[in-house]
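Student: could you work out the structure for the sequence below:
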Amino acid sequence: MGGAIRSTCSENATSSEAGLCGDIGNLYSKDSNPYAEYNIFVDPFAAYTVLHSGIPITLIPLDATRTVPVDEKFFSAFEQKQETYEAHYSFQSLKMIRDTWPNKEFHKEFCMWDFFMVGVALSQMQSLERDEGENKFAKMEWRNISVITSNRPYGISDGSNPLIDGRSIPKFNVQKKGVHSGHVQLGIQDPFCLVKGRKGKCQVNGPEAVSVLVATEAKANRDVDSILAKEFYKSFLDVINRPKRIGQLNTRAGFPLYQRVLQKPDFGKELMGKPVVFDMDMSAGDFLALLYLLKLPVELINLKGILVSANGWATAATIEVVYDILHMMGRDDIPVGLGNVFAVGQSHSEFPSLGDCRYSSSIPQGSGGSLDSDTLYGFARDLPRSPRRYRPETTDYPGLGQPTALDVWKSVVKSLHTGSKITLLTNGPLTNLAQIILSENTDSVVQDVYIVGGHIPHDNEKGNLFTVPSNEYAEFNMFLDPLAARAVLDSKLNITLIPLRIQKQVSSFQNILVELQLTDKTPEAAFAQHLLSRLWELKQNHHRYLHMDTFLGEILGAVILAGGHPLLNQTFEFMPLKVVAEGDVSVIGQLLIDENQTKMVKILCSINPEAYYEQFAKILGGEQLSAVIASFVE
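Tutor: Numbering: from 1, shown residues only. From the prediction side, this is the model:
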């Protein structure tokens, strides 16, 4: 499934032809490349390799998939026929997409791309004679097509094409001055393609060709009396509602005692401690820090809200694990807000869902830290399911969509008693805090800010940005959103920095696991021990997990904020700091001592690691404020 192979349009197209020209590809914004389809665009070299490999190819391009939109009659028929778990799930998914579609054109614009492709493929496989076999769902034609890996001006290499550049003989026998030797488009918003006078010049078309079987359009329904216009509509509804091979997993049947009940504590007239908001990016260490904060006495720490940074170490969907942790601990009263996916200045002004992942792409295994998050997801399956889930606002839940980080911040500020101020703990990129500073007057409502992050080099000590070797002295949280870091450091807030050097001093898996083994096995202590044991095992056995001890240092901010252990022996000093927020990637995110700065930042200089490990284990193993629900099974 991929490609758009309609005829391209000339630069002198009439106004009537121009309308057709704009509907060939599916990239946004269209002016950067009106002809390409996303699946081919994101890796044209892979597409070229496959098409020219000699393997028999059947292509289902945009041309065909656009002829099977999820039209109103099909949608209505689907709504009335949901006889299996799969049908119900699939319809609810479609309905959620329709309810959150950015305009009123869902039934015209949203097509059955992937599922139509599967139908065409299965029908094609059933045909023994590929050349002559009739496809049940699509009209098929042999076409001569290719993938152009470079853009105009053709014949002028700029060093961006791996098929040609650096090779004495180009791969696949392409010609050095042919259609594969122009500029390689580096992204949807490639500056080269958006230069005045070059708009629309980054295109995928050309004369090179191989013979490919192509689906051109969906076939009409053979039942002329049916309200369903396409043969595939009818087949899809029939198959998805078949009682054979029906899904067997049903939560209510398998767990009859499971109830979707919010767990909200009653603290009565108990005197509450200082209001705290925790800003996290959902790494494994952040979840352990959250458990620690939830275990502290409410007369010491009153956790009033959680802000989740979605451009850090986990995907936005991980917010459900936050909800499950809170549900486990009986704190469904704490609001959770989701922050921006992109760093400050990185989102597209016209298309907010698009943006530049320049910084977040440095996270191991890509934006979202997929490799590390999967470890956490595995253990999170044992957590009890919270009734609160990540949810876009739909017609089924008007006004009940996922709150934003700014929404939660405003609600927390509104709930403060007269004279109270918020203490903020941030464990990820400073995106959420910067957004708050830029939109709200924070001076009057913020007491202190604790930032876990930043690196101040001592004796040429390196940072932890190991995925960007050219940048030796930056720390991830500062690098992931440098403009946000600058906004925070330049603000009038009272900042305490827990830098990387001190985090590394408390990053011994062996020591923290020994303390957890000695403590009482509360559900939260057991969860922490299982998670840390697995991370340590992975670190010892797999080279991709060498950075696991990073997560141990992330717990430090919560311990420092709460204090309470007489032997922690924290010492601090004050320094005038600034962050490198612009320029080459080799220096972005680095902290510098700037004597011209009048504002001083409080920096943690030393701590007793043994007392730190003991304090973390003692709090998690304490019976006070232990889990209300220990596991999903319970």
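Student: going forward, measure contacts between C-alpha atoms and count neighbours the same way
Tutor: Will do.
Student: pretty sure Phe342 contacts Ser309?
Tutor: No. Counting by C-alpha atoms under 8 Å, Phe342 stays clear of Ser309, with 9.3 Å between them.
Student: and these two? Which one has more around it.
Tutor: Neighbour totals were compared for Phe342 and Ser309, and Ser309 leads with 31 against 25 (other C-alpha atoms under 10 Å).
Student: just checking, the more buried one touches Leu433?
Tutor: No. In terms of C-alpha under 8 Å, Ser309 does not count as a neighbour of Leu433; the distance is 9.7 Å.
Student: need the overlap of contacts for those two.
Tutor: Common neighbours of Ser309 and Leu433 are not found (criterion: C-alpha atoms under 8 Å, 6 or more residues apart in numbering).
Student: now the strands: where do they sit in the stretch 51-200 of the chain?
Tutor: 58-59, 138-145 (DSSP state E, counting those that start in this stretch).
Student: dump those strands to JSON lines, plus mean neighbour count.
Tutor: Rendered in JSON lines, the data for the strands of the stretch 51-200 of the chain read as follows (neighbours: other C-alpha atoms under 10 Å):
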{"stretch": "strand 58-59", "mean neighbour count": "22"}
{"stretch": "strand 138-145", "mean neighbour count": "18"}
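Student: reformat those strands as CSV; add mean pLDDT.
Tutor: Formatted as CSV, those follow (pLDDT from 0 to 100):
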stretch, mean pLDDT
strand 58-59, 94
strand 138-145, 91
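Student: can you put these in CSV and add distance to Gly25?
Tutor: Output for these, formatted as CSV (distance: least, C-alpha to C-alpha, whole Å):
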stretch, distance to Gly25
strand 58-59, 15
strand 138-145, 15
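Student: which elements pack onto the helix or strand hosting Gly378?
Tutor: Per DSSP states H and E: Gly378 is located in helix 370-380. Here helix 370-380 touches helix 284-295, helix 523-541, going by 3 or more C-alpha pairs under 8 Å, 6 or more residues apart in numbering; DSSP states H and E.
Student: need the contact partners of the longest one.
Tutor: Right, the one you point to is helix 523-541. Helix 523-541 has contacts (C-alpha under 8 Å, 6+ apart) with 288, 291, 375-376, 379, 509, 513, 516-517, 545-549, 617, 620-621, 626-627, 630-631.
Student: from Phe278, how far out is the residue nearest to Tyr612 when sequence neighbours are not counted?
Tutor: Using C-alpha to C-alpha, 6 or more residues apart in numbering and skipping residues adjacent in sequence, the residue nearest Tyr612 is Leu568, 6.3 Å away. For Leu568, the distance to Phe278 equals 22 Å [C-alpha to C-alpha, to the nearest Å].
Student: also Pro61?
Tutor: For Pro61 relative to Phe278 (C-alpha to C-alpha), the value is 46 Å.
Student: now the helix holding Gly378 against helix 284-295, angle please.
Tutor: Interaxial angle, helix 370-380 versus helix 284-295 (axes from the mean of the first three to the mean of the last three C-alpha atoms, to 10 degrees): 40 degrees.
Student: low-confidence ranges, the chain, go.
Tutor: 7-23, 29-31, 128-133, 153, 155-156, 196-207, 248-253, 350-351, 366-371, 394-399 (pLDDT under 70).
Student: hmm, try it at 50
Tutor: 13-20, 204-205, 367-368 (pLDDT under 50).
Student: touching, Glu37 and Leu62? I think so.
Tutor: Yes. The criterion here is C-alpha under 8 Å, and Glu37 meets it with Leu62 at 7.4 Å.
Student: so what's the gap between stretch 508-525 and the chain middle?
Tutor: 31 Å (C-alpha atoms, centre = their mean, to the nearest Å).
Student: how about that stretch: buried residues?
Tutor: Buried residues in stretch 508-525, defined by neighbour count with 16 or more other C-alpha atoms under 10 Å: 508-509, 512-513, 515-516, 519, 521-525.
Student: which one of these sits closest to Lys410?
Tutor: Lys410 has its nearest neighbour among these in Glu524, at 30.1 Å by C-alpha to C-alpha.
Student: how much space separates that closest one from Gln263?
Tutor: 16 Å.
Student: same check on His455?
Tutor: For His455 relative to Gln263 (C-alpha to C-alpha), the value is 40 Å.
Student: same check, this time on Val336
Tutor: Computed with C-alpha to C-alpha, the distance linking Val336 and Gln263 is 15 Å.
Student: hmm, back to that, helix, strand or coil for the residue nearest to Tyr612?
Tutor: coil (DSSP: H, G, I helix; E, B strand; the rest coil).
Student: next, the contact list for it, please.
Tutor: Leu568 neighbours (C-alpha under 8 Å, 6+ apart): 607-609, 611-612.
Student: now, of the residues you listed, which are buried?
Tutor: By 16+ other C-alpha under 10 Å, the contacts of Leu568 give 607, 609, 611-612 as buried.
Student: can I assume Lys599 is in contact with Pro576?
Tutor: Yes. Assessed by C-alpha under 8 Å, Lys599 is found in contact with Pro576 at 6.0 Å.
Student: which non-adjacent residue is nearest His387?
Tutor: His isn't right for residue 387; it's Pro. What sits nearest to Pro387 in space, not counting adjacent residues and going by C-alpha to C-alpha, 6+ apart, is Arg260, at 5.1 Å.
Student: to clarify, my last question referred to Lys136.
Tutor: Of all residues not flanking Lys136 in the chain, Ser123 sits nearest, at 5.9 Å (C-alpha to C-alpha, 6+ apart).
Student: was I right about the one you found contacting Met140?
Tutor: No. Counting by C-alpha under 8 Å, Ser123 stays clear of Met140, with 11.6 Å between them.
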